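Enquirer: give me the fold of what follows.
(3 chains)
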Amino acid sequence: MINLVWLIPVLPLAGFLINGLFRNSLSKGMTGIVGCGVLLASFILSLLIFGQVRQDGFHAVTVTLFDFISVDKLHIPFAFQVDQLSVLFLLIITGVGFLIHLYSTAYMHEEEAPHYARYFSYLNLFVFSMLLLVLGANFVILFIGWEGVGLCSYLLIGYWFKNIEYGNAAKKAFIMNRIGDLGFLIAIFWMITQFGSVTFTDVFGGAKSASVGVITGITLLLFVGATGKSAQIPLYTWLPDAMAGPTPVSALIHAATMVTAGIYMIARSNALYSLAPVSQTVVAVIGLTTALFAATIALKQNDIKKVLAYSTVSQLGYMFLGLGVGAYTGAVFHVMTHAFFKALLFLGAGSVIHAMGGEQDIRKMGGLRKALPVTSITFLIGCIAIAGIPPFSGFFSKDEILSAAFAKSPVYYVIGLFTAMLTAFYMFRLFATTFSGTFRGTHEQEHHLHESPLAMTIPLIVLAILAAVAGFLGIPDALVPNAHVLEHFLEPVFAAGGEHPAVEVSHGTELGLMALSAGLALVVSLLAWSRFKSKPELAEPTGFGKVLANKWYVDELYNAIIVRPLNGLAKFFVWLERWIIDGAVNGVGRLVQYGGRQLRLLQSGQVGGYVLLMVIGILALFLVELFVKK
Amino acid sequence: MGITQILFWGLSILALLGAILVVISKNPVHSVLWLIVVFMAISGHYILLNAQFLAIVNLIVYAGAIMVLFLFVFMLMNLNADTEPQKNKWLKIAGVVAGGSLLLVLVAALKHADMKNQLAVMNKGEIGLIHNLGLVLFQDYVVPFEITSVLFLSAMVGVVVIGKKD
Amino acid sequence: MPINYYIFLALALFCIGVAGVLTRRNAIIIFMCVELMLNAVNLLLVAFSKMHQHALAVTNPQAGIDGQLFVFFIMVVAAAEVSVGLAIIVMMYRNTHSTDVNFLNRLKH
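Expert: This next block holds a predicted model:
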């Protein structure tokens, strides 16, 4: 069965080819069936493989397909690695991916057939790349997938390419990702020089004998790649802008899967990171800062998708915090739960936008609970999950990270807890403003309000169930001993990385912390709910709120310190190119032309002139022969 | 200085003078006549070198036949001094300078050559006589001699082809 | 007579011929100057033949005779050349009504 693992990415690739090549002749129905069908098949295959992997005594299997790059002593096979971590991601990607594909068939129904097929082909290509990323048995295959998802992200953000702003958002995402990818690429080259291989097992095996400085360098460069892909400070600003794409894309790529690629990569490299404490600290601090920073911005956003985008950045920061403090299982756990509830929230937002006829400003919504019952209930479940209120999934995963952070340093914990409170606050602000109170949109919109079709509500319901119950996969020891299924499952992968924090928190302390965070989350949620349910925040923010609403002016800052000097430099180079380099090239050309025009006069066609030249030539030969040569 | 030397210098001066006048005469007919003088002086040199056969052939072929042919062509075309357009002055000077410096270079190169003892004998030796030349010509050089007839034939054919009015 | 004198005399004649070729525009005069150069060479050949005869008379009474035969052949070739050359000049005159070599600038094209 495991040898058939190559089918999992190949199926979406086939879907991409079919939808991409025949997009002008396929009907919408066919496109949808192909697009969703390949994903469903992949999901079923993933389930079968999962069934095999979860048996006791399973060891990681490497499936080598062919020799990809072979230069001198360097061999990079095109190989897939099947182990607990990659199977878990396979399930998340294909499972959530299938639901989002299904949702898309309804959400994108107003598009024309060729564009509809284009959308699905991009989506399938994305899933293919993402599967390549998580299945790759070495960093090069991982990098191919890494670049592939970046490309698809670019294509899908710019899906409505006729809108220039959307195109700019796509470019922004692409370029910021490139900056991070450069770090990743350098890390790969460094690995090749250091270990002579990029295969995971070789690198992790060789890392033990390498110096700490080298490992720190490599891991930091890898982390630079991760900050680009997973939207961490300083490369996070592309993600909110990426909301220009269709909402299901935001759900799939910019919440559930692609942005977690950085988490996956670092979790995969846990053996390296555990050897480089400095890198771990950097990861934790950057993650924590991003989490807090993005959460504050989310407090004052009025675009329903922007709030979710900043919340995604913030949650990704949490995951990095988990990675940084050594709670790899916690981070991966949070990736999984986050994939469920954030996909749910985005799809719910999509359902709202669908009902509102494209309106995204929450100030113009309100009171949607009655018109959209399924959406509002599932959205509420998502909000509870992300706010960290037990027994929903977000509580367990967040709590695991927080307790690991507490074990590392209470400062981490306090900031993390504060961020969790902010999360609860802005999520319930969003929920209250959107679904309760009175409707504030136009009369026409009110008339048009309707619950979404089944193809959209079914994924919402499935995801809501998952978001509600997924947490029980990782019940902490403090509550029920030996009930942490996920930790047990992932143990072989993270064994090398020293999964357990150096200082174990006693069960009593842990219970206390859990109670504290759950209580605070509940209190803050209710506070936000009561504050915004009847009198939403409609006025333009002032003072500090304005700074938050303008995202701390980070985009402006980047424009001023990076974009503008670069533009100036580019203009200078254009000038240099036009006047100096072109001038030199043209000057040479003109000189030769001028010389040619003058020399041409020598070829007068006059016999006498030729004879004279001939005599002068003979003379010169004589002179050389008789006098110079001696 | 014996009579031979006097003759040598006299003929040499005559040849150079004639040659210069060939070049600078305005009237082409004068050039032809001066060229005949040069050929005669050279024939004189041949006689001094005891090459009587070549001296006679030189007179007959060059001074006689070829120069007459030249003269004939001039007469045919009715060319005179003012028909020849003057060349660019600088080009003329360049021509003279080039020719002069060629001479200068060759003389300078040969001046130090040690040839004081190499003499060209005069008034002696039988090789220039028609008897000896004929023997060698018709024994060792009979093939080239015959080939010259082909050369002449082709020249004749060529002249007829070129001169034919079409 | 030392051979140098003949060499210098022949060189002088030859260079006068070269200068003539370079300075005149009349094709026939140029042709005549070429003949002058040929004769300078002939003179030198005869002088060298006599020099060789003097130097090698003891071993070979015929030494140097080929030099004179060479002159003979040169005259033969010169005669043929003159006939063809003059024919070409006549032809050119017939077409251009001039013997100016500057009209012969077809080499430019």
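Enquirer: what's the spacing between A:V523 and B:L69?
Expert: A:V523 sits at a distance of 132 Å from B:L69 (criterion: C-beta to C-beta, to the nearest Å). (C-beta placed from N, C-alpha, C; glycine too.)
Enquirer: more neighbours, those two?
Expert: Just comparing A:V523 and B:L69: by other C-beta atoms under 10 Å in any protein chain shown the higher neighbour count belongs to B:L69, 16 against 12.
Enquirer: check contacts around the more buried one.
Expert: By C-beta atoms under 8 Å, 6 or more residues apart in numbering or on different chains, the residues touching B:L69 are C:V82, C:S83, C:L86.
Enquirer: burial measure for the second one, as a count.
Expert: For C:S83, the tally of surrounding residues (other C-beta under 10 Å) stands at 19.
Enquirer: now it: which helix or strand?
Expert: helix C:65-96 (DSSP states H and E).
Enquirer: flag every buried residue along the longest strand along chain A.
Expert: Ordering each strand of chain A by length in residues (DSSP state E) puts strand A:61-71 first. Residues A:V61, A:T62, A:V63 are the ones in strand A:61-71 that count as buried (16 or more other C-beta atoms under 10 Å in any protein chain shown).
Enquirer: ok, it: who's next to it in the sheet?
Expert: Using DSSP bridges, strand A:61-71 pairs in its sheet with strand A:74-82 (antiparallel).
Enquirer: list the buried residues of the next helix or strand after the partner strand.
Expert: Downstream of strand A:74-82, the next assigned helix or strand under DSSP H and E is helix A:84-107. Neighbour-count burial for helix A:84-107 flags A:84-107 (criterion: 16+ other C-beta under 10 Å).
Enquirer: ok, stretch B:148-161 next?
Expert: So stretch B:148-161, judged by 16+ other C-beta under 10 Å, has buried residues B:T148, B:L151, B:A155, B:V159.
Enquirer: output the below-cut-off pLDDT ranges for chain A.
Expert: Applying pLDDT under 70 to chain A picks out residues A:496-504, A:629-630.
Enquirer: where does it get nearest to chain C, which residue?
Expert: Minimum separation of chain A from chain C (C-beta to the nearest C-beta) falls at A:G605, amounting to 2.8 Å.
Enquirer: that residue falls within a strand, correct?
Expert: No. Looking at A:G605 with DSSP: H, G, I helix; E, B strand; the rest coil, it is coil, so not inside a strand.
Enquirer: number of residues surrounding it?
Expert: So A:G605, with other C-beta under 10 Å, has 13 neighbours.
Enquirer: quickly note the distance from it to chain B.
Expert: 14 Å (C-beta to the nearest C-beta, to the nearest Å).
Enquirer: so which residue is dead centre in chain B?
Expert: B:F39 (5.4 Å; C-alpha atoms, centre = their mean).
Enquirer: which of the helices or strands spans it?
Expert: Assigned by DSSP H and E, B:F39 falls within helix B:28-48.
Enquirer: that helix to helix C:65-96, inter-axis angle?
Expert: If you take axes from the mean of the first three to the mean of the last three C-alpha atoms, to 10 degrees, helix B:28-48 sits at 170 degrees to helix C:65-96.
Enquirer: anything in helix B:28-48 near chain C?
Expert: Yes. Contact between helix B:28-48 and chain C, assessed by C-beta under 8 Å from any C-beta of the partner chain, occurs at B:P28, B:S31, B:V32, B:L35, B:V38, B:F39, B:I42, B:H45, B:Y46.
Enquirer: distance of B:L54 relative to chain C?
Expert: To chain C, B:L54 is 6 Å away according to C-beta to the nearest C-beta.
Enquirer: got phi/psi on that residue?
Expert: phi -70, psi -40 (degrees, to the nearest 10).
Enquirer: that one: what's it in contact with?
Expert: Going by C-beta under 8 Å, 6+ apart, B:L54 touches B:Y46, B:G128, C:N42, C:V46, C:Q68, C:V71, C:F72.
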